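Engineer: What follows is a predicted structure for the sequence shown.
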Amino acid sequence: MYRIALFTLVFLNLAAGNLRAGSITVTDVDWQRFGLINLKIDGSAIDEYAGAILGNFNGGPTFTLFCVDLFTNISLGTYDSTTVAPRVARNEGRAAWLYVNAFDPAVVNTPALGEALQVAIWDIVHDGGDGPNAGRIQASINTPLDVVQSWGQFLVNSEGQSSVNASIYLNSLGIVSYQTLIGVLQPGQNPPTDTNVPEPGSLGLMAIGCGSIAVAQFVRRRRVSSSLR
């Protein structure tokens, strides 16, 4: 039985390709490309933080990340993390194409554009990219028009596209799963098209999106501001 279990573990590791385990630290949000918008989620209008966030992998250089799952929570802090290739079953290849080809900081340079890119990634992963007016994630009557238009354009531009030149970061603390993130391909990682690594409890924490990051950062800023008075 032990040999069977060991063989299975080795096989899964090989099938997963070039996985990298370590830690990811979420350090901040990029307020130039991050903001609060109103969306219709599963039929209900919800104020949602969305956009670019900042972090590092194994203490390396800070880079920009986007959330993959709307329905899983994460906050500022350090998490156990495994990098895998974008997974076909979750349309992450298309999301990776957007990250690689659409996220030019010189172009995505406003909160509205950062929000639109983030929502487009959510739309692709959860709804197959069916647009602002269909699926679990939709525009509400209060979603700014410029966000809706850019969201739709990101989907048009990425239609039929896919990339493996980005990493998917599966994050947890012990047995508790946290938000999956998409970011830069780590040095030395050459992933296959689909690792088939299961999502660690992706819908287990029904906290919405990246909101807790913004809340934590807001509280921290308030504390700093108070201490300076």
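Structural biologist: Yep, that arrived. Keep in mind that this is a model prediction, so the values were computed, not measured.

Engineer: where exactly do the helices run in the chain?
Structural biologist: In the chain, the helices defined using DSSP state H lie at 2-15, 92-101, 111-127, 145-158, 211-228.

Engineer: count of residues packed around residue 134?
Structural biologist: 12 (other C-beta atoms under 10 Å). Using the backbone N, CA and C atoms, a C-beta is placed for each residue, glycine as well.

Engineer: I'd assumed residue 127 was in contact with it.
Structural biologist: Yes. Taking contacts as C-beta atoms under 8 Å, residue 134 lies within contact range of residue 127: 6.9 Å.

Engineer: Confidence-wise, which of the helices of the chain is weakest overall?
Structural biologist: Across these, helix 2-15 has the smallest mean pLDDT, namely a mean of 36.

Engineer: out of everything not next to it in sequence, what's closest to residue 98?
Structural biologist: Nearest-residue entry for residue 98: residue 158, 5.0 Å, with adjacent residues in sequence omitted and distances by C-beta to C-beta, 6 or more residues apart in numbering.

Engineer: For this protein, which residue occupies the most central location?
Structural biologist: The residue lying closest to the centre of the chain (C-alpha atoms, centre = their mean) is residue 67, at 1.8 Å.

Engineer: For the spatially closest residue to it that is not a sequence neighbour, give its distance to residue 89.
Structural biologist: With sequence-adjacent residues excluded and distances taken as C-beta to C-beta, 6+ apart, residue 67 is closest to residue 210, at 4.9 Å. Here the criterion is C-beta to C-beta, to the nearest Å. By it, residue 210 lies 23 Å from residue 89.

Engineer: how near is the residue nearest to residue 98 to residue 82?
Structural biologist: The value you get for residue 158 to residue 82, if C-beta to C-beta is used, is 25 Å.

Engineer: next one: residue 94
Structural biologist: Distance of residue 94 to residue 82, given as C-beta to C-beta: 21 Å.

Engineer: So these two - more neighbours on which side?
Structural biologist: Ranked by neighbour count (other C-beta under 10 Å), residue 94 and residue 82 place residue 94 first, with 24 against 19.

Engineer: and the more buried one, what is it in contact with?
Structural biologist: Counting by C-beta atoms under 8 Å, 6 or more residues apart in numbering, residue 94 touches 124, 129, 158, 161-162.

Engineer: most neighbours, which of those residues?
Structural biologist: Counting neighbours by other C-beta under 10 Å, the top entry in those is residue 124, with 26 neighbours.

Engineer: What's the end-to-end length of stretch 82-98?
Structural biologist: Terminal residues of stretch 82-98 lie 21 Å apart, using C-alpha to C-alpha, to the nearest Å.

Engineer: tell me how far that stretch is from the chain's mean position?
Structural biologist: Relative to the centre of its chain, stretch 82-98 is centred 10 Å away, using C-alpha atoms, centre = their mean, to the nearest Å.

Engineer: So what angle separates the directions of the lengthiest strand in the chain and helix 111-127?
Structural biologist: Counting by DSSP state E, the longest strand found in the chain is strand 20-41. Relative orientation of strand 20-41 and helix 111-127, computed by axes from the mean of the first three to the mean of the last three C-alpha atoms, to 10 degrees: 100 degrees.

Engineer: For burial, what's the neighbour tally of the residue lying closest to residue 28 once chain neighbours are set aside?
Structural biologist: Spatial nearest neighbour of residue 28, chain neighbours left out: residue 54 (4.6 Å); criterion: C-beta to C-beta, 6+ apart. Number of residues near residue 54 (other C-beta under 10 Å) recorded here: 18.
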